[in-house]
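Peer 1: Dropping the sequence and predicted coords here.
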Amino acid sequence: MPLRLHFYGAAGTVTGSCFMLETGTVRILVDCGMFQGSKTERELNYRHFPFRAAGISALCLTHAHIDHSGLIPKLTKAGFDGPIYATQATADLASIMLPDSGHIQEMEVENLNRRNSQRGRAPVFPIYTAEEALASLAQFRAVPYGEWLDVAPGFRARYWNAGHLLGSASIEIEVASDTGGAPTRLLFSGDVGPDHKLLQPSPDGPRDLDYVILESTYGDTDRAGVTIMSRRRMLRDEVREARKKPSGVLLIPSFAVERTQELLVDLRALMEAGEIPEIPVFIDSPLASRASDIFQRHAGELRDGDDLVRALRSRWVRFTQSVEESKAIDRIHSFHIIIAASGMCEAGRIRHHLRAWLWRDDATVLFVGYQAQGTLGRILQEGVSRVRIRGEEVRVRARMRTLDLYSGHADAPELAAWLADRRPVRRGVFLVHGEAPALSALQASLGGDARAHRPIIADLDDVFDLSGDVARLLEAPERRLPPEVTGHRDWHNDYSDLILDLNAVIEKAADRKAKEVVIRRLRRALHEEG
């Protein structure tokens, strides 16, 4: 019986997680996530799936983060009517995150169509609506950790706590042999949590596997010596430094689910210990507010769950719901902290706050998680003097700081140790969910961890035959993007930089005549190029 593994996302890039296992008669998906990163990658979300949604037997979901779950409503809209297997906590989080994603798309498309109408362009449509996201929730089926479940004919799955997020899982899948031999055993790591995760236990998983599909987000990073207490001290230092501007702000772009909650626990601990004064902290994200309610309901499943509940109920924490409440924060003239989504600054209310504060030297922007290539967060993190936000040019005078210790991802040594605990892995390891430097570094460091096999770096839309003793790459199908595009800046980023550079050159021209000379030269260059 043939067994094929398709890499439809999170291959050469850190988002869009989606894998298909296919036998002669049955197809199942592991994850169906949304692409983030460069505009070229995000445009994949609007294209048709590279597979037929109708007839897929089941979807096994590792966790609720949008880069793993965000295209589920699109999948059901396209004809998938099978079960979606997830832990109860993942199902609960998806029940707020997917409708929120649909709502954001509706709002952004409405704003875009307003501009398109003015420019005489055709209207565009959201990938899915909040209503369509709500409809997809009916297909979720809650599963416990550690119990085998028949998910489709010839397929059974078992969920292991991945230590990454409330409800997150690594998914073990057995595919039966049609000859009566031993089944093929695979483990999809999902996102593997680090050793110093505040709210989650250490990641777990089975041993004795044929294949492991392993994330590699931080495959080139070693956070040696990091502990919860050392991370807390570094956060204290960042707050103290930012607070030297008494009328300023500390802006923290953060994922609404779990990272925001961890930050609150640490801020509460620092304030109660007198290491920083009590400071108003605005959680400017309706999604974070709803997610916090779910975290409180599941507090018994979390490490330090009681500390989280106390932090969420602290008098200095203020959750905003309406747009009016969000805008009212702009009228505060004393130092305060704003935690707002999205974590990579690609959407949501953080963009409003960045536009309001980036040009001021009394603002500090603190990045506390991974920033994918091509995102506004990565562009700011790398140090630029100007950016464009919603078509408007903004000068960057705010301090840019990074404290990348709140990530829910294991670093390279932790990934290697996690994989070592899965031994023996007899037939191969695939590296996914990473950008090129991380993938190459992890591949080199793992070396022989898969016994006789060098880990395989999969490209987007690769398909492998797993029927033999080793994985065999099949003839490349039509690729949606070439490998050199995924996980990199794209022409949209270069175009934005060009516009900013042009404006800077014209502004620096001494007078009207000098500006006209610059413009004539540009026009001549464009004419010669054409």
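Peer 2: Cool, the structure landed.

Peer 1: Tell me where the model's unsure across the protein.
Peer 2: Scanning the chain for pLDDT under 70 picks out the ranges 448-453, 487, 490-492, 495-496, 529-530.

Peer 1: tell me the secondary structure for the residue of it positioned farthest from its centre?
Peer 2: Using Cα atoms, centre = their mean, the residue of the chain lying farthest from its centre is residue 513. It sits 48.2 Å away. With DSSP: H, G, I helix; E, B strand; the rest coil as the basis, the three-state label of residue 513 is helix.

Peer 1: What separation do you get for it and residue 519?
Peer 2: Per Cβ to Cβ, to the nearest Å, residue 513 is found 11 Å from residue 519. For glycine as for every other residue, the C-beta is placed from the backbone atoms N, C-alpha and C.

Peer 1: which residues sit in contact with the residue nearest to residue 25 when sequence neighbours are not counted?
Peer 2: By the measure of Cβ to Cβ, 6 or more residues apart in numbering, the closest residue to residue 25 outside its immediate chain neighbours is residue 153, 7.3 Å from it. Residue 153 makes contact with 25, 26, 57 under the criterion Cβ atoms under 8 Å, 6 or more residues apart in numbering.

Peer 1: want to try JSON lines for the residues you listed, with neighbour count as columns?
Peer 2: Output for these, formatted as JSON lines (neighbours: other Cβ atoms under 10 Å):
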{"residue": "25", "neighbour count": "11"}
{"residue": "26", "neighbour count": "18"}
{"residue": "57", "neighbour count": "19"}
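
Peer 1: Tell me the spacing between the residue farthest from the centre of the chain and residue 505.
Peer 2: Computed with Cβ to Cβ, the distance linking residue 513 and residue 505 is 15 Å.

Peer 1: ditto for residue 431
Peer 2: When Cβ to Cβ is the yardstick, residue 431 and residue 505 sit 43 Å from each other.

Peer 1: Which of these two has more residues huddled nearby?
Peer 2: The neighbour count for residue 431 versus residue 505, taken as other Cβ atoms under 10 Å, is higher for residue 431 (24 against 14).

Peer 1: ok but the more buried one is inside a strand, no?
Peer 2: Yes. With three-state DSSP as the criterion, residue 431 is part of a strand.

Peer 1: Was I right to think it contacts residue 211?
Peer 2: No. Between residue 431 and residue 211 no contact is recorded; they are 11.9 Å apart, counting by Cβ atoms under 8 Å.

Peer 1: Cross-check the contact I'm expecting between residue 259 and residue 369.
Peer 2: Yes. The criterion here is Cβ under 8 Å, and residue 259 meets it with residue 369 at 5.9 Å.

Peer 1: Tell me which of these two has more neighbours.
Peer 2: Here residue 259 and residue 369 are set side by side on neighbour count (other Cβ under 10 Å), and the busier one is residue 259, at 23 against 20.

Peer 1: Roughly how far does the closest residue to the more buried one other than its chain neighbours sit from residue 255?
Peer 2: Distances taken as Cβ to Cβ, 6+ apart place residue 406 nearest to residue 259, at 5.3 Å, with adjacent residues excluded. To residue 255, residue 406 is 9 Å away according to Cβ to Cβ.

Peer 1: try residue 477
Peer 2: Using Cβ to Cβ, one gets 33 Å for the distance from residue 477 to residue 255.

Peer 1: out of those two, which sits in the busier spot?
Peer 2: Taking other Cβ under 10 Å, residue 477 and residue 255 do not tie; residue 255 has more neighbours (25 against 11).

Peer 1: Checking the more buried one next. Helix, strand or coil?
Peer 2: Quick answer, by three-state DSSP: residue 255 is coil.

Peer 1: How about the contacts made by the nearest residue to it once chain neighbours are set aside?
Peer 2: The spatially closest residue to residue 255, leaving aside those adjacent along the chain, is residue 343, at 4.0 Å (Cβ to Cβ, 6+ apart). Counting by Cβ under 8 Å, 6+ apart, residue 343 touches 253, 254, 255, 259, 368, 369, 370, 377.

Peer 1: With residue 68 instead?
Peer 2: 17, 31, 32, 33, 61, 62, 190, 191.

Peer 1: So which of those residues is surrounded by the most neighbours?
Peer 2: With neighbours set by other Cβ under 10 Å, the maximum within those is found at residue 17, which has 33 neighbours.

Peer 1: Is it correct that that residue is in contact with residue 64?
Peer 2: No. Distance between residue 17 and residue 64: 11.9 Å, which falls outside the contact criterion (Cβ under 8 Å).

Peer 1: How is the protein partitioned into domains?
Peer 2: Here the domain parsing of the chain from automatic domain parsing is 4-222+408-473, 228-402, 491-529.

Peer 1: how about these in a markdown table, adding distance to residue 481?
Peer 2: Compiled in a markdown table, the domains of the chain are given as follows (distance: least, Cβ to Cβ, whole Å):
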| stretch | distance to residue 481 |
| --- | --- |
| domain 4-222+408-473 | 6 |
| domain 228-402 | 12 |
| domain 491-529 | 13 |
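
Peer 1: Quick one: closest of those domains to residue 485.
Peer 2: domain 4-222+408-473 (6.0 Å; Cβ to Cβ).

Peer 1: now, among the contacts of residue 343, which is nearest to residue 482?
Peer 2: The nearest one, if we look at those relative to residue 482 and count by Cβ to Cβ, is residue 370, at 23.4 Å.

Peer 1: which residues does the closest one contact?
Peer 2: 14, 217, 218, 343, 344, 404, 407, 409 are the contacts of residue 370 under Cβ under 8 Å, 6+ apart.

Peer 1: can you check residue 102 too?
Peer 2: By Cβ under 8 Å, 6+ apart, the neighbours of residue 102 are 73, 126, 128, 129, 130, 131, 132, 133, 134.

Peer 1: Which of the helices or strands spans the residue nearest to residue 255?
Peer 2: Residue 343 belongs to no helix or strand when assigned by DSSP states H and E.

Peer 1: Now do the helices in the stretch 301-450 of the chain.
Peer 2: For the stretch 301-450 of the chain, the helices defined by DSSP state H, counting those that start in this stretch cover 305-312, 323-328, 350-357, 376-381, 412-420, 436-446.

Peer 1: Need these in TSV (columns: distance to residue 267 and mean neighbour count).
Peer 2: Supplementary listing: the helices of the stretch 301-450 of the chain in TSV, determined by distance: least, Cβ to Cβ, whole Å; neighbours: other Cβ atoms under 10 Å:
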stretch	distance to residue 267	mean neighbour count
helix 305-312	7	18
helix 323-328	20	13
helix 350-357	18	20
helix 376-381	21	20
helix 412-420	25	19
helix 436-446	30	19
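
Peer 1: Residue 180 is nearest to which of the ones you listed?
Peer 2: Between residue 180 and these, the tightest spacing by Cβ to Cβ is seen for helix 412-420, at 30.3 Å.

Peer 1: contacts for that closest one?
Peer 2: Residues lying outside helix 412-420 but in contact with it, judged by Cβ under 8 Å, 6+ apart, are 189, 192, 194-195, 203, 205, 212, 214-216, 218-222, 224, 410, 425, 429, 441-442, 445-446, 449-450.

Peer 1: Now which of the residues you listed would you call buried?
Peer 2: 189, 192, 194-195, 203, 205, 212, 214-216, 218-221, 410, 425, 429, 441-442, 445-446, 449-450 (16 or more other Cβ atoms under 10 Å).

Peer 1: circling back to that earlier point, between residue 259 and residue 369, which contacts overlap?
Peer 2: Residues touching both residue 259 and residue 369 by Cβ under 8 Å, 6+ apart: 343, 406, 408.

Peer 1: List the contacts of the second one.
Peer 2: Residues near residue 406 by Cβ under 8 Å, 6+ apart: 231, 254, 259, 262, 263, 368, 369.

Peer 1: Can you pick out the most distant pair from those?
Peer 2: Checking the contacts of residue 406 against each other with Cβ to Cβ, the farthest-apart pair comes out as 231 and 254, at 14.4 Å.
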